[in-house]
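[1] coords below, sequence missing:
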Ligand SMILES: Nc1ncnc2c1ncn2[C@@H]1O[C@H](COP(=O)(O)OP(=O)(O)O)[C@@H](O)[C@H]1O
Ligand SMILES: [Mg+2]
């Protein structure tokens, strides 16, 4: 396929001449006549190489290069800069802002092509090497799916805080992801107003999703936990049918960290039906309310019927409110016919404060009872992973 080159120059004659010459060589050319336009074009379609003039009004080439390098999505795109004056300072500056190479104007076509080929082949080699590294990691991580019978029981809270507890206690790398297109809440809770990393992966053909693609959509929270987040825009629920994409992602994710915690949300949706088979452990979140427990018991039975063995299922009880009319721990176990591995006591004030500060509960108040309960859950998960 023809390599896509973005040509950036405020001089229209240069754009036209160099553009035509490169087109004749078989490259696919797009042109921008100023910095902001170039940045927008890179965002809309990532080129294989940027040819960047330095002297431009408003935003010079150095600034364009700096901004490209600062944007994780496009930071790897190779850049060759055109310097008008062959000053040493200019050349040094080119490398300081992250350019891969520079050329002095006026440019000889043969020289330009030779430099472009060299840069493109270096990048290709690098990419092949890192693809192989990303695709063949050493071992399989431990994947935990967190699920419930309906919304509002605490699934997202458990998934995120368990992830952070695993990172802090086990000192292992952790990815937390919500497989909830159009219904993601983890991003919002943490104050990310745009969390749509999953969307771009859901738009691809499932067979074309690589570990590298997933890696480039993952963001790192200040706690160190890695996040792959669903959008919260209700319309994106159209991706709920992209079951094969979720499967492909899960298969890669399981090899991308020591622990991978999935917020699966409520119910055995078509996505969850597939993903539970890839998970090493399923945590079912319940509340001490009779009707919810009847439904939760049904979920546990269905999981067992689908071949998820007893040893792979655990139950956590989240008490969100203090109430005398709720069932006790032992009543819950009796109703479910299964042990509850951790109980979370009501912490409405902490939940409110954490949400208001865009912090996970466990970081809002690390010495709270709730935090200790998450540490206990993390320890139990780690024990199973032995
Ligand atoms: N132990 C707790 N005590 C009080 N409120 C809690 C507790 N755990 C979670 N919550 C709150 O319950 C609400 C629902 O939790 P969330 O994790 O979003 O549920 P789900 O993902 O199952 O819909 C949130 O407002 C959360 O802050
Ligand atoms: Mg949720």
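    Arrived safely. All values derive from a computational prediction rather than experimental measurement. Numbers count the residues shown, from 1 in each chain. Ligands and ions are numbered 1, 2, ... in the order given.
[2] what does the stretch 201-350 of the chain put close to ligand 1?
    Near ligand 1, the residues belonging to the stretch 201-350 of the chain are 318, 320, 344, 346, 347, 348 when assessed by CB under 6 Å from any ligand atom. (Glycine included, C-beta is placed from N, CA and C.)
[3] okay if I get those as JSON lines plus pLDDT and neighbour count?
    Below are those laid out as JSON lines (pLDDT from 0 to 100; neighbours: other CB atoms under 10 Å):
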{"residue": "318", "pLDDT": "97", "neighbour count": "22"}
{"residue": "320", "pLDDT": "96", "neighbour count": "18"}
{"residue": "344", "pLDDT": "97", "neighbour count": "23"}
{"residue": "346", "pLDDT": "96", "neighbour count": "16"}
{"residue": "347", "pLDDT": "97", "neighbour count": "23"}
{"residue": "348", "pLDDT": "96", "neighbour count": "10"}
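[4] mind listing which of the residues you listed are in strands?
    Counting by DSSP state E, those place 318, 344 in strands.
[5] Pretty sure residue 182 sits in a helix.
    No: looking at residue 182 with DSSP: H, G, I helix; E, B strand; the rest coil, it is coil, so not inside a helix.
[6] ok, now which ones touch it?
    Residue 182 sits next to 230, 231, 232, 233, 234, 235, 236, 237, 238, 239, 240 when contact means CB atoms under 8 Å, 6 or more residues apart in numbering.
[7] Count residues in the vicinity of the fourth one, would you?
    Read that as residue 233. 14 (other CB atoms under 10 Å).
[8] Likewise for the third one?
    Residues near residue 232, counting by other CB under 10 Å, number 22.
[9] Just send the residues of the stretch 201-350 of the chain next to ligand 1 back as JSON lines, with distance to residue 17 too.
    Output for those, formatted as JSON lines (distance: CB to CB, whole Å):
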{"residue": "318", "distance to residue 17": "67"}
{"residue": "320", "distance to residue 17": "68"}
{"residue": "344", "distance to residue 17": "68"}
{"residue": "346", "distance to residue 17": "72"}
{"residue": "347", "distance to residue 17": "68"}
{"residue": "348", "distance to residue 17": "68"}
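[10] Top of the contacts of residue 182 by number of neighbours, please.
    Neighbour max across these (other CB under 10 Å) = residue 230, 27 neighbours.
[11] Can you name the helix or strand that residue 376 falls in?
    helix 369-384 (DSSP states H and E).
[12] I'd like the distance from that helix to the chain centre, please.
    Its chain's average C-alpha position is 24 Å from that of helix 369-384, according to CA atoms, centre = their mean, to the nearest Å.
[13] On the three-state scheme, residue 26 is what?
    Of the three states, residue 26 takes coil according to three-state DSSP.
[14] All the strands of the stretch 101-250 of the chain, in order from the start?
    Using DSSP state E, counting those that start in this stretch, the strands found in the stretch 101-250 of the chain span residues 101-104, 142-148, 174-178, 219-220, 226-228.
[15] got the ones you listed as a markdown table, with mean neighbour count columns?
    Formatted as a markdown table, the strands of the stretch 101-250 of the chain follow (neighbours: other CB atoms under 10 Å):
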| stretch | mean neighbour count |
| --- | --- |
| strand 101-104 | 18 |
| strand 142-148 | 26 |
| strand 174-178 | 27 |
| strand 219-220 | 13 |
| strand 226-228 | 22 |
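[16] JSON lines for those, including distance to ligand 2 and mean pLDDT?
    Below are those laid out as JSON lines (distance: least, CB to the ion, whole Å; pLDDT from 0 to 100):
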{"stretch": "strand 101-104", "distance to ligand 2": "48", "mean pLDDT": "88"}
{"stretch": "strand 142-148", "distance to ligand 2": "9", "mean pLDDT": "98"}
{"stretch": "strand 174-178", "distance to ligand 2": "7", "mean pLDDT": "98"}
{"stretch": "strand 219-220", "distance to ligand 2": "18", "mean pLDDT": "94"}
{"stretch": "strand 226-228", "distance to ligand 2": "14", "mean pLDDT": "96"}
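[17] so where is the stretch 1-150 of the chain shaky, pLDDT-wise?
    Where the stretch 1-150 of the chain drops to pLDDT under 70, the residues are 1, 85-86, 129-138.
[18] Please repeat the previous calculation with a cut-off of 50.
    For the stretch 1-150 of the chain, no stretch has pLDDT under 50.
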